[in-house]
Every structure is written in structure tokens, then in C-alpha cells.
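**Student:** okay, here's the prediction I keep looking at, along with the sequence it came from:
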Amino acid sequence: MLETVDPCVIVEGRGMRVLDPAGKEFLDAVSSGVWTLNVGYGRESIADAVREQLVKMNYSPTPPAPSQAHSSPAGCSRRRRA
């Protein structure tokens with residue numbers, strides 16, 4: 001089917017709508033899934049919160065067990081050495 005129909009390319013999102021390269025708007029009613037939730041596109045408050053977390057710690061190789069959860073990697077390290 002893709003040989004006869006161009007794929008829908010999305011280049012931008014605003015609120016509940018997404019746009020193709022020509023500027024045609026589509027209602028995004030299918031982006032939610034098992035591990036996702038559509039909170040809308042262009043939400044600066046969410047982007048700011050994500051940026052803040054990425055600056056603090058952008059990667060953790062293994063999450064601690066719930067009983068060892070700590071707000072900082074240094075605190076987690078101190079607990080493991082004790």
C-alpha cells in the first residue's frame with residue numbers, strides 16, 4: 001500500500017493538532033498508548049520541566065529498588081557504601 005500512497009509526515013504539533021509539511025492540520029486522536037499520554041503539543045511548562053530534569057540527571061544506568069529510591073545519585077551512592 002505504501003507504494004501507492006504517500007506516508008503522512010508530521011512536522012509540528014500545536015495543542016491537540018499536528019501539521020504536515022503543507023500546513024494541513026490533523027486532530028491527534030491516536031497518540032496515547034500503553035506508556036504514553038497525549039498532553040498536547042507545544043506545552044512550554046512540560047518542556048521546561050523536562051529540561052530541568054535533564055540538566056540535573058539525564059541518564060541513570062539502573063534504577064534503584066523502590067526501598068533505595070533517593071532524590072540524587074550522590075545520596076544513592078552514599079547509601080550503597082554504608
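**Tutor:** That came through, no problem. Numbers count the residues shown, from 1 in each chain.
**Student:** mean confidence score for stretch 3-23?
**Tutor:** What stretch 3-23 shows for mean pLDDT is 88.
**Student:** in stretch 22-31, what counts as buried?
**Tutor:** For stretch 22-31, a neighbour-count test (16 or more other CB atoms under 10 Å) marks Asp28 as buried. Every C-beta, even on glycine, is put in place using the N, C-alpha and C of the backbone.
**Student:** which outside residues touch it?
**Tutor:** Outside stretch 22-31, the residues within contact range by CB atoms under 8 Å, 6 or more residues apart in numbering are Cys8, Ile10, Gly13, Met16, Arg17, Val18, Leu19, Asp20, Asn38, Tyr41.
**Student:** export those residues as TSV, with columns for neighbour count and distance to Asn58.
**Tutor:** Formatted as TSV, the entries for those read as follows, by neighbours: other CB atoms under 10 Å; distance: CB to CB, whole Å:
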residue	neighbour count	distance to Asn58
Cys8	9	31
Ile10	14	26
Gly13	18	23
Met16	15	29
Arg17	14	30
Val18	18	27
Leu19	16	29
Asp20	14	31
Asn38	13	24
Tyr41	17	22
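**Student:** in strands, which of these fall?
**Tutor:** Judged by DSSP state E, strands contain the following of the contacts of stretch 22-31: Gly13, Arg17, Val18, Leu19.
**Student:** relative to Val55, which of the contacts of stretch 22-31 is nearest.
**Tutor:** The shortest gap between Val55 and any of these belongs to Tyr41, at 22.4 Å (CB to CB).
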